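J.: A predicted structure for the sequence below; I have some questions about it.
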Amino acid sequence: MQNGMHDVFIHPLALVESDRIGRGTRIWAFAHVMAGAIIGEECNIGDHAFIETGAVIGRGVTIKNGVMVWKGVTIEDYAFIGPNAIFTNDRQPRSTRMPEIQALGRTESDWLVPTRVEIGASIGANATIVAGVKIGRYALVAAGSVVTKDVRPFTIVAGNPAKPRGYVNREGVVLKETEDGSWWDPHTGRRYRITQDHVEEM
Amino acid sequence: MQNGMHDVFIHPLALVESDRIGRGTRIWAFAHVMAGAIIGEECNIGDHAFIETGAVIGRGVTIKNGVMVWKGVTIEDYAFIGPNAIFTNDRQPRSTRMPEIQALGRTESDWLVPTRVEIGASIGANATIVAGVKIGRYALVAAGSVVTKDVRPFTIVAGNPAKPRGYVNREGVVLKETEDGSWWDPHTGRRYRITQDHVEEM
Amino acid sequence: MQNGMHDVFIHPLALVESDRIGRGTRIWAFAHVMAGAIIGEECNIGDHAFIETGAVIGRGVTIKNGVMVWKGVTIEDYAFIGPNAIFTNDRQPRSTRMPEIQALGRTESDWLVPTRVEIGASIGANATIVAGVKIGRYALVAAGSVVTKDVRPFTIVAGNPAKPRGYVNREGVVLKETEDGSWWDPHTGRRYRITQDHVEEM
């Protein structure tokens, strides 16, 4: 127990200023969790990670080393965020200290653009997630991708910019196409219907 | 006040060895500023950033978390360097401990290649800036880009390798083309003349 | 001397839990070397680096700032790993806390995929190395590349995904093609025979 929270492991070299961290969560060396950041139960927050005030992280999430989660970013339960994967929350970044920017008198609502990672999705190492996108449930962003558009559920994307490359099941295994045009999970036998806008379990 | 400098905020978990930091600048947790690094007034240096001896940073610059600024890199006033954006200063990197490299007896002038970010430019999150390029004033490097060539002023670049995609004004808003072939800033009414080599305000 | 090891420099703000570090190696601020990680002699481990239990690093290796080396990754002598270059060790990353993943009862041998960087190779800044590849001896991975396949010895790769772009000598200088179809190192006069599968010194 530290910070008045029960059953939260905080490494002695981590800096944790939030008291809204769920039971069973572990936070490792040189990580910084700012005041007001919300982290669910049974998460793992790796070394050198940074969780900003206003970030929201669900239950059972794996945040690998060096990941930065900003205000405006919501990560749902059981997501995996690979090492050095980077989020953003502003699509027209400028130094707020620039006179032309100060003259605009912008408030946070003028520039903050929310991002959401849905349940069970995985974001590969060193991927870049541009502000404003939604990563659908159980989707898989390949390592090193630059995501500029929404990613549909169960979909693999890769590249810069990231484009769809296939489909995965909940366990991250690539789906196979069947003769009738549906898709099949070789592990569980589940079948999926994939249309232009949706991927759904049948 | 720390390190004998007035009005510089240094987080207790930062490591600041330079005494050449301007008034009003703030340096956050787990950041390391080496001796001799020069940082102007009113800058913000995020968590886990690294500023090497020989780096030069102007006034009002935003250095987001995890950014590394090496010797040979100059960042002019009011620039924005997004989280985990990475500079380099060597185009043929080898371990200096390799016998073949030690046999060359290279000195710093043999390998150090300077890089410059001009006034007001923005570099997006997780971008890679190859040594030797100049990022022109108020240019915008999109998140995740790999910049291998100079970027002209007011120009947006994106991709790997990064290529021109459009133009922005000082506030980071995309310019629109007019009927006479010049470009127009919808916020301020300023017009721009864009030729193969130059972008200039008219 | 620290941790009972002679002639190892450990910065006071580093966290070093391994006692298997070779003579003359230096480890800098905010770096974390876990118990059981093996690091050879005369290495340099930059700020904010992370070396996991099970990682193996040879002699004279340069590990720049922010690099993460996981279990399953082997880095041979005299390699150069640029700043924020990222390795991975799992090709189907999911949160181990997801119920569907826990139901699989996977053990490490089910998901751990080894990666090897051979002698003298260089990996550029912010490159992403997908688990399971081999980076051949003296190869050069350009900054910002995403490596998804093996890289042959003495070969330059760049892009996302990374593709072959040319050849380098041991010192990192680009080779030139000769009239008889072999390749020539302008520094040393060494010639190379390059076939579809091999690059070898003649």
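T.: Yep, that arrived.

J.: partner strands of the lowest-mean-pLDDT helix or strand in chain A, with direction?
T.: When the helices and strands of chain A are scored by mean pLDDT, DSSP states H and E, strand A:199-201 comes last with a mean of 81. Strand A:199-201 pairs in its sheet with strand A:191-194 (antiparallel), by DSSP bridges.

J.: what residue ranges in chain A score low on pLDDT?
T.: A:1-4, A:197 (pLDDT under 70).

J.: tell me which parts of chain A are close to chain C?
T.: Residues of chain A lying near chain C by Cβ under 8 Å from any Cβ of the partner chain: A:13, A:29-30, A:42-44, A:47-48, A:59-62, A:65-66, A:78-80, A:82-84, A:120, A:122, A:124-126, A:140, A:142-145, A:158-160, A:168, A:170-173. Every C-beta, even on glycine, is put in place using the N, C-alpha and C of the backbone.

J.: tell me, how many residues neighbour residue A:28?
T.: With neighbours defined by other Cβ atoms under 10 Å in any protein chain shown, the count for residue A:28 comes to 20.

J.: contacting residues for it?
T.: A:11, A:14, A:44, A:45, A:46, A:47, A:49, A:65 (Cβ atoms under 8 Å, 6 or more residues apart in numbering or on different chains).

J.: reformat these as a markdown table; add secondary structure and neighbour count.
T.: Output for the contacts of residue A:28, formatted as a markdown table (DSSP: H, G, I helix; E, B strand; the rest coil; neighbours: other Cβ atoms under 10 Å in any protein chain shown):
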| residue | secondary structure | neighbour count |
| --- | --- | --- |
| A:11 | coil | 18 |
| A:14 | coil | 20 |
| A:44 | strand | 20 |
| A:45 | strand | 31 |
| A:46 | coil | 22 |
| A:47 | coil | 26 |
| A:49 | coil | 26 |
| A:65 | coil | 25 |
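
J.: can you point out the buried residues in stretch A:140-149?
T.: Within stretch A:140-149, the residues scored as buried using 16 or more other Cβ atoms under 10 Å in any protein chain shown are A:140, A:141, A:142, A:143, A:144, A:145, A:146, A:147, A:148.

J.: for the residues you listed, which one is nearest chain B?
T.: Ranked by distance to chain B (Cβ to the nearest Cβ), those are led by residue A:146 at 3.4 Å.

J.: quick check: closest non-adjacent residue to the closest one.
T.: Spatial nearest neighbour of residue A:146, excluding adjacent residues (Cβ to Cβ, 6 or more residues apart in numbering or on different chains): residue B:144 at 3.4 Å.

J.: quick one on the thing from earlier: columns secondary structure on top of the buried residues of stretch A:140-149, output as a markdown table?
T.: Formatted as a markdown table, the buried residues of stretch A:140-149 follow (DSSP: H, G, I helix; E, B strand; the rest coil):
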| residue | secondary structure |
| --- | --- |
| A:140 | strand |
| A:141 | strand |
| A:142 | coil |
| A:143 | coil |
| A:144 | coil |
| A:145 | coil |
| A:146 | strand |
| A:147 | strand |
| A:148 | coil |
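
J.: and of these, the nearest to chain C?
T.: Looking across the buried residues of stretch A:140-149 and measuring by Cβ to the nearest Cβ, the closest to chain C is residue A:144, at 3.4 Å.

J.: mind listing what residue A:129 touches?
T.: Listed by Cβ under 8 Å, 6+ apart, the contact partners of residue A:129 are A:85, A:86, A:87, A:88, A:115, A:117, A:123, A:135, A:141, A:147.

J.: need the residues you listed in CSV with distance to residue B:74, can you?
T.: Output for the contacts of residue A:129, formatted as CSV (distance: Cβ to Cβ, whole Å):
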residue, distance to residue B:74
A:85, 29
A:86, 24
A:87, 28
A:88, 25
A:115, 32
A:117, 37
A:123, 33
A:135, 37
A:141, 34
A:147, 31
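
J.: got a markdown table for these, with secondary structure and distance to residue B:73 too?
T.: A markdown table is the format used below for the contacts of residue A:129 (DSSP: H, G, I helix; E, B strand; the rest coil; distance: Cβ to Cβ, whole Å):
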| residue | secondary structure | distance to residue B:73 |
| --- | --- | --- |
| A:85 | coil | 24 |
| A:86 | strand | 20 |
| A:87 | strand | 25 |
| A:88 | coil | 22 |
| A:115 | strand | 29 |
| A:117 | strand | 33 |
| A:123 | strand | 29 |
| A:135 | strand | 33 |
| A:141 | strand | 30 |
| A:147 | strand | 28 |
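
J.: in ChimeraX, select just the buried ones from those residues.
T.: Buried residues among the contacts of residue A:129 (16+ other Cβ under 10 Å), as a ChimeraX selection:
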select /A:85,86,87,88,115,117,123,135,141,147
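
J.: give me the contacts around the least confident helix or strand of chain A.
T.: Contacts with strand A:199-201, where a contact means Cβ under 8 Å, 6+ apart, come from A:136, A:152, A:153, A:154, A:155, A:167, A:190, A:191, A:192, A:193.

J.: ok, and for that strand, which residues are buried?
T.: Buried, per 16+ other Cβ under 10 Å, within strand A:199-201: residue A:199.

J.: repeat for stretch A:177-190
T.: Residues A:183, A:184, A:185 are the ones in stretch A:177-190 that count as buried (16+ other Cβ under 10 Å).

J.: how close does the first one sit to residue A:174?
T.: Okay, so that is residue A:183. Distance of residue A:183 to residue A:174, computed by Cβ to Cβ, to the nearest Å: 10 Å.

J.: between these two, which contacts overlap?
T.: Here residue A:183 and residue A:174 have residue A:167 as joint contacts, going by Cβ under 8 Å, 6+ apart.

J.: contact partners for the nearest residue to residue A:65 once chain neighbours are set aside?
T.: Distances taken as Cβ to Cβ, 6+ apart place residue A:46 nearest to residue A:65, at 3.7 Å, with adjacent residues excluded. Going by Cβ under 8 Å, 6+ apart, residue A:46 touches A:28, A:31, A:63, A:64, A:65, A:66, A:67, A:83.

J.: just give me the closest of these to residue B:7.
T.: When the contacts of residue A:46 are compared for distance to residue B:7 (Cβ to Cβ), residue A:31 wins out at 29.1 Å.

J.: so the closest one makes contact with residue A:12?
T.: No. At 11.7 Å, residue A:31 does not count as touching residue A:12 under the criterion of Cβ atoms under 8 Å.

J.: list the buried residues for whichever helix in chain A runs longest?
T.: When chain A is parsed with DSSP state H, its longest helix is helix A:99-104. Using 16+ other Cβ under 10 Å as the test for burial, helix A:99-104 gives A:100, A:101.

J.: alpha carbons only: can I get it in PDB?
T.: C-alpha atoms of helix A:99-104 as PDB (Å, rounded to 0.1, in the frame of the first residue of the first chain):
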ATOM      1  CA  PRO A  99       3.000  35.300 -29.500                       C
ATOM      2  CA  GLU A 100       0.600  34.500 -32.400                       C
ATOM      3  CA  ILE A 101      -0.800  31.600 -30.400                       C
ATOM      4  CA  GLN A 102      -1.100  33.600 -27.200                       C
ATOM      5  CA  ALA A 103      -3.000  36.200 -29.200                       C
ATOM      6  CA  LEU A 104      -5.700  33.700 -30.100                       C
END
